[in-house]
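S.K.: fold the following, please.
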Amino acid sequence: MELGPSLETERLVLTPPTAADFDAFAALQGDERVMRMLGGAQSRAVAWRTFMVTAGVWAIHGFGFFMVRERETGRFVGRIGCHHPEGWPGTEVGWALTHEAQGKGYATEAASACVAFAFDTLGWREVIHCIESANTPSAAVAQRLGARILRVAMLPEPVSKPVDCWGQTAEDWRGSSPPRRGRGRER
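M.R.: Presented below is the predicted three-dimensional model:
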């Protein structure tokens, strides 16, 4: 069963989750270096629940986190996508990359495609990125996407912590021209 569209960028392929993605997803969710600003590392059992929620969001809402792979190698590099849980401070495009994939511009490239998908396909009027103030690498990605800090918000439980809400409106996105590595295309 196909849950939603796939997106392609210059170097990446973004697909809704499939059962074949779970092992790589669980490794990502279990890596403390990656997850320290995202609620902490998860055990494989908790990652399974998170993975099932990820697939369920796609099935119910028609959007969610994409599983991201390098186009040339097929190597899993992370999860990036559209996110709006109950009580969330807005419609978000969020990201988490494997430790090995960080620093290559993949977050900006894939998030750019997801922001375009959120505005052009989902019809969202605003996209935010909830980022802890100490997470300077993610703040730099948000800036490269053309976002600015819009407000500070408290994330709902179980996270229950304040974050900077970086973001922009659809009009800002369409009128801006920050350096992006491709907005992606649906297939």
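S.K.: wait, what's in contact with Ile149?
M.R.: Contacts for Ile149 (C-beta atoms under 8 Å, 6 or more residues apart in numbering) come out as Asp164, Cys165, Trp166. No exception for glycine: its C-beta is placed from N, CA and C like everyone else's.
S.K.: list just the nearest of the residues you listed to Leu28.
M.R.: Trp166 (22.0 Å; C-beta to C-beta).
S.K.: now do the contacts for the closest one.
M.R.: Ile128, His129, Ile131, Ala139, Ala142, Gln143, Ala147, Arg148, Ile149, Leu150.
S.K.: the first one against Gly94, yeah?
M.R.: No - taking C-beta atoms under 8 Å as the definition, Ile128 is not a contact partner of Gly94, at 9.1 Å.
S.K.: other residues contacting stretch 118-138?
M.R.: Outside stretch 118-138, the residues within contact range by C-beta under 8 Å, 6+ apart are 5, 37, 62-63, 82, 88-95, 102, 107, 111, 115, 139, 141-142, 145, 147, 150, 153, 155, 161, 163-170, 173-174, 186.
S.K.: apply 6 Å and report the result again.
M.R.: 37, 63, 82, 90-93, 115, 139, 142, 147, 163-167, 169-170, 173 (C-beta atoms under 6 Å, 6 or more residues apart in numbering).
S.K.: restricted to helices, list these.
M.R.: Val115, Ala139, Ala142, Ala170, Trp173 (DSSP state H).
S.K.: and the closest residue to the second one other than its chain neighbours, what pLDDT?
M.R.: To tie it back to what came earlier, the one meant is Ala139. Distances taken as C-beta to C-beta, 6 or more residues apart in numbering place Ile131 nearest to Ala139, at 5.5 Å, with adjacent residues excluded. Ile131 is assigned 95 on the pLDDT scale.
S.K.: separate out the buried members of the ones in helices among the contacts of stretch 118-138.
M.R.: Among those, those that count as buried by neighbour count (16 or more other C-beta atoms under 10 Å) are Val115, Ala139, Ala142, Ala170, Trp173.
S.K.: now, which of those residues sits nearest Met67?
M.R.: Looking across these and measuring by C-beta to C-beta, the closest to Met67 is Val115, at 17.7 Å.
S.K.: from Trp173, how far off is that closest one?
M.R.: Counting by C-beta to C-beta, to the nearest Å, the separation of Val115 from Trp173 is 6 Å.
S.K.: repeat for Phe119
M.R.: 6 Å.
S.K.: so where's the chain shaky on pLDDT?
M.R.: 1, 177-187 (pLDDT under 70).
S.K.: sounds good, over and out.
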